[in-house]
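Participant: Let's see this in three dimensions:
(one chain, ligands or ions: 1)
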Amino acid sequence: MSYTSTRFIRHFGLSSAIACSTRDIGYLLITPAKQKLCTAAFPMAQKGSEELLAVVGGGAAGFYGAVRAKTVAPKLNVVVIEKGTPLSKVKISGGGRCNVTNGHCVEKVILAENYPRGHKEFKGSFFDMHGPDDTMSWFSDHGVDLKVFPINRCVVLQTGKTVRTASANGGKFLLGIGKQATSPIEYVEADYLLIASGSSSQGFSLASQLGHSIIDPVPSLFTFKTLDPQLAELSGVTFPKVNAKLTLESVKRNVQQFTQVGPMLVTHWGLSGPVILRLSAWGARDLFSSGYKGTVTVDFMPDLHIEDVKSMLSRHKLQFLKQKVSNSYPPEFGLVKRFWKYILDRQGLSGDDLWSSIPNNTLTSVAFLLKNCDFGITGKGQFKDEFVKAGGVPLSEISLNTMESKIHSDLFLAGEVLNVDGVTGGFNFQNAWSGGYIAGSTIGTRVSDAHLRGLDLA
Ligand SMILES: Cc1cc2nc3c(=O)[nH]c(=O)nc-3n(C[C@H](O)[C@H](O)[C@H](O)COP(=O)(O)OP(=O)(O)OC[C@H]3O[C@@H](n4cnc5c(N)ncnc54)[C@H](O)[C@@H]3O)c2cc1C
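Facilitator: Residues are numbered from 1 along each chain as shown. Down below sits the predicted model:
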């Protein structure tokens with residue numbers, strides 16, 4: 001029997017973090033602050049006994065991978081080692097607005113386009129093995145909503161422990177674990193190792209101790225600061241659809257351009273909204289190199305040709321000759337009055353001017369401004385809802401079909417520890433679920449196959 005979240009809460013109370021149902025499934029309740037899990041001593045792998053999978057990181061990829069491996073190979077010992085609060089990011093991004101996957105985007109080629117780092121590689125079979133549909137089915141098959149994370153009851157969770165060192169020797173992995181840098185180190189030997197440590201520097205260090213290279217992490221998904229005092233007056237104004245082009249010049253004077261279409265929001269420090277976050281993600285590395293200085297050119301009317309915008313302005317002028325320019329503008333523009341005033345200011349027009357006094361070449365300039373409005377970027381803002389880092393272990397160093405390292409067999413990496421990041425909308429979690437699932441399936445299948453081979457030989 002499995003529990004829905006309500007049944008789970010009724011049965012175990014909010015303070016319980018884990019409970020084991022009559023099936024082999026337990027639940028880690030991630031909404032309450034306190035978490036408690038079947039904590040136990042590390043199951044040590046010993047010759048002749050079942051093997052041990054150690055998972056570094058109790059986040060989305062780590063838990064998903066651990067549960068999957070245990071489901072495929074029930075005899076495998078699995079321990080998840082988490083330095084902080086398990087599934088803390090799933091919890092942060094929850095609260096009813098949780099974008100844990102992108103249910104609208106199931107076609108793998110379109111899905112892949114949402115990953116500035118990963119888009120080429122993800123056009124292969126990665127999402128075929130476990131895509132957004134599979135993730136949603138996985139959660140609903142367990143009969144729970146996403147506030148409760150189902151875990152296999154024999155997965156052991158060790159919290160408050162940081163994996164500090166990792167080495168490979170004789171087909172095993174030796175992990176050095178300590179609470180703090182100065183704490184005594186406890187060693188664990190594992191047959192399989194899954195590094196799912198997100199964007200933590202300690203996780204990158206473990207991967208590099210095992211021979212992997214690390215692409216320096218830089219921020220992705222942020223807003224842009226601008227130095228336009230008049231723009232601040234538009235704070236809160238949204239544009240449902242703009243075409244925004246980011247132009248960056250590198251120290252070597254190479255010009256990079258990135259273009260996105262979508263909603264934009266003006267904030268009191270600059271520009272935000274999905275279109276800006278996507279530009280920040282696609283331009284993450286070049287923005288970092290340029291010191292977050294560049295230009296965003298916004299087309300506020302991407303569905304209208306400039307000639308149409310000019311004609312609309314001319315028609316409006318003829319119709320409203322005696323009216324002040326600040327009082328009316330073509331309704332087809334769909335703009336708010338505050339923004340129209342901003343455009344007039346930028347064009348050096350007084351709102352008190354009458355339409356009749358505006359020469360046609362000024363109308364042409366207004367049309368040009370509406371189609372090509374430049375904003376100087378002076379820095380990087382913060383976006384609190386979703387942020388990730390671009391960088392990590394290069395995808396070329398793992399096999400995406402198995403998530404196994406090409407450097408060490410039985411070493412797996414999944415989630416944000418890899419050089420993968422997506423735009424907003426659940427794509428980052430989906431990378432973690434897919435990668436964790438594929439790693440868990442590979443490990444579980446390998447263990448079961450070896451077990452069956454052992455039975456055959458016996
Ligand atoms: C505020 C915020 C909101 C977000 N909202 C969304 C969203 O709505 N949708 C979306 O798709 N993405 C969102 N993201 C991004 C998403 O959370 C990550 O992409 C995703 O969690 C990555 O999963 P992961 O398992 O790779 O890493 P994490 O979820 O970061 O898990 C890694 C875990 O490893 C632990 N760890 C690291 N190093 C060690 C070590 N040496 N020893 C032991 N433990 C270690 C960490 O404590 C952490 O718990 C958000 C991110 C943030 C910060």
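Participant: Mind telling me which residue is nearest the centre of this protein?
Facilitator: What sits nearest the mean C-alpha location of the chain, by C-alpha atoms, centre = their mean, is Asn428, with 2.9 Å.
Participant: tell me how far the ends of stretch 345-358 are from each other?
Facilitator: 14 Å (C-alpha to C-alpha, to the nearest Å).
Participant: Okay, buried residues for stretch 359-371 please.
Facilitator: For stretch 359-371, the neighbour count (16 or more other C-beta atoms under 10 Å) marks Thr362, Leu363, Thr364, Ser365, Val366, Ala367, Leu369, Leu370, Lys371 as buried. Just so you know, the C-beta spots here come from the backbone N, C-alpha and C atoms, and that holds for glycine as well.
Participant: Can you give me the distance of Tyr192 to the ligand?
Facilitator: 16 Å (C-beta to the nearest ligand atom, to the nearest Å).
Participant: distance between stretch 317-335 and the chain's centre?
Facilitator: Put simply, stretch 317-335 sits 43 Å off its chain's centre (C-alpha atoms, centre = their mean, to the nearest Å).
Participant: circling back to that earlier point, mind picking the two most distant members of the buried residues of stretch 359-371?
Facilitator: Thr362 and Lys371 (15.1 Å; C-beta to C-beta).
Participant: neighbours around Pro394, how many?
Facilitator: Using other C-beta atoms under 10 Å, Pro394 has 15 other residues around it.
Participant: what's the nearest residue to it once chain neighbours are set aside in contact with, if anything?
Facilitator: Distances taken as C-beta to C-beta, 6 or more residues apart in numbering put Asn419 closest to Pro394, at 5.2 Å, once the chain neighbours are dropped. Listed by C-beta atoms under 8 Å, 6 or more residues apart in numbering, the contact partners of Asn419 are Arg117, Gly118, Ile215, Ala390, Gly391, Gly392, Val393, Pro394, Leu395.
Participant: And the residue of the stretch 51-200 of the chain closest to the ligand?
Facilitator: Gly59 (1.9 Å; C-beta to the nearest ligand atom).
Participant: That residue against Ala196, yeah?
Facilitator: Yes. Using C-beta atoms under 8 Å, Gly59 is in contact with Ala196, at 6.2 Å.
Participant: Quickly list what's touching both of these two.
Facilitator: Gly415, Ala432.
Participant: ok so, going back, if I look at the residue nearest to Pro394, how far off is Lys123?
Facilitator: 16 Å (C-beta to C-beta, to the nearest Å).
Participant: Same question for Leu455.
Facilitator: Going from Leu455 to Lys123 by C-beta to C-beta gives 39 Å.
Participant: and stretch 370-389, how far apart are its ends?
Facilitator: Stretch 370-389 has its terminal residues 33 Å apart, counting by C-alpha to C-alpha.
Participant: Of the buried residues of stretch 359-371, which ones also sit close to the ligand?
Facilitator: Filtering those for proximity to the ligand (criterion: C-beta under 6 Å from any ligand atom) leaves nothing.
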